[in-house]
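J.: Coordinates only, no sequence provided:
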């Protein structure tokens, strides 16, 4: 059972519309901060204690730069927004992170991995690569987000709480139709027991019968029921990411790819890189990926080796 202080923090984050992932991450680091200082109440601490905790993370635990940033953001929320306390200048500078190029697969390697998969997991990886999705975006797809006639997918509440549209491969239409039918059949089965898919925000309060609408069914539903984290109602959520990651790890091993660290996100990187290689305009790739800044998309031009402008090594001109 969470303490009253943690419960208040959670309510405040939900009032501000923070995502469940952000809520979970912030609470993790705030708890870590409190335990680091022997369970002292944050009101009794301030800038000096925050500096000590961040210094511990950077020098003792050796966490990555992005992890340092996440911990700092959690503590800034705690003091500035929740406790209304101004920490002032912490005098703490995050370690600088050099630009790192993403791991990208060749088209042959993508084929080899997909060939080791079947059924649901095969379709998920094909969507990650064919539509440039993040794994969380793929698993959150609902019936209403899929437009097979227009070969388009609508991504709702993506990174930064943005909606966007992306393409879907014509090769996947038949498989998508099959899994949509299976998802709808499972929803009918759940509906017969008064249950349905987990719904966002207060949809179930505003529309009590929304859980019966096929539009809200997940394309990749979980195999078991669970309690909704907010309403505590029994419902069916989407498939957990760990299921896909486990199957992908086995597929990569069977495909004999040992010189690259392949994750679900690798297929999104490969999607962008292969589009640029094929001559797709970088602005179009930016829109499909949902990047705010073109600089984020430009990282893939460096992966190409030719930097997208057709530059070649002077040795090739000899």
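T.: Good, I have the coordinates. Every value quoted in this text rests on a predicted model; they were computed, and no experiment measured them.
J.: Nearest the geometric middle of the chain, what residue?
T.: residue 136 (4.2 Å; C-alpha atoms, centre = their mean).
J.: and that residue, what element?
T.: If you go by DSSP states H and E, residue 136 is part of helix 135-139.
J.: how about the helices of this protein, start to end?
T.: 4-15, 20-36, 47-59, 65-76, 107-115, 119-131, 135-139, 173-191, 203-206, 241-254, 264-277, 282-289, 294-303 (DSSP state H).
J.: Let me have these in CSV, adding distance to residue 231 and mean pLDDT as columns.
T.: The C-beta positions use only the backbone N, C-alpha and C, and glycine is treated the same way. Listed next are the helices of the chain as CSV, based on distance: least, C-beta to C-beta, whole Å; pLDDT from 0 to 100:
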stretch, distance to residue 231, mean pLDDT
helix 4-15, 12, 91
helix 20-36, 13, 93
helix 47-59, 34, 90
helix 65-76, 25, 90
helix 107-115, 38, 95
helix 119-131, 27, 96
helix 135-139, 20, 95
helix 173-191, 16, 96
helix 203-206, 7, 79
helix 241-254, 22, 96
helix 264-277, 29, 93
helix 282-289, 33, 90
helix 294-303, 36, 80
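J.: Residue 82 is nearest to which of these?
T.: helix 4-15 (5.5 Å; C-beta to C-beta).
J.: Flag every buried residue along that closest one.
T.: Residues 9, 10, 13 are the ones in helix 4-15 that count as buried (16 or more other C-beta atoms under 10 Å).
J.: Can I get those residues in CSV including distance to residue 39?
T.: CSV is the format used below for those (distance: C-beta to C-beta, whole Å):
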residue, distance to residue 39
9, 15
10, 18
13, 21
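J.: can you list the domains in this protein?
T.: As assigned by automatic domain parsing, the chain contains the domains 4-82, 99-318.
J.: thinking residue 292 is in contact with residue 161, fair?
T.: No: taking contacts as C-beta atoms under 8 Å, residue 292 lies outside contact range of residue 161: 11.8 Å.
J.: wait, what's in contact with residue 297?
T.: 272, 282, 285, 286, 289, 291 (C-beta atoms under 8 Å, 6 or more residues apart in numbering).
J.: before we move on, the earlier item: okay, the domains of the chain in CSV with distance to residue 89 next?
T.: Formatted as CSV, the domains of the chain follow (distance: least, C-beta to C-beta, whole Å):
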stretch, distance to residue 89
domain 4-82, 8
domain 99-318, 27
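J.: give me every residue that touches residue 145.
T.: By C-beta under 8 Å, 6+ apart, the contact list for residue 145 reads 153, 154, 155, 156, 219.
J.: just the buried residues of helix 4-15 now: which is nearest residue 255?
T.: Of the buried residues of helix 4-15, the one sitting nearest to residue 255 (C-beta to C-beta) turns out to be residue 13, at 41.1 Å.
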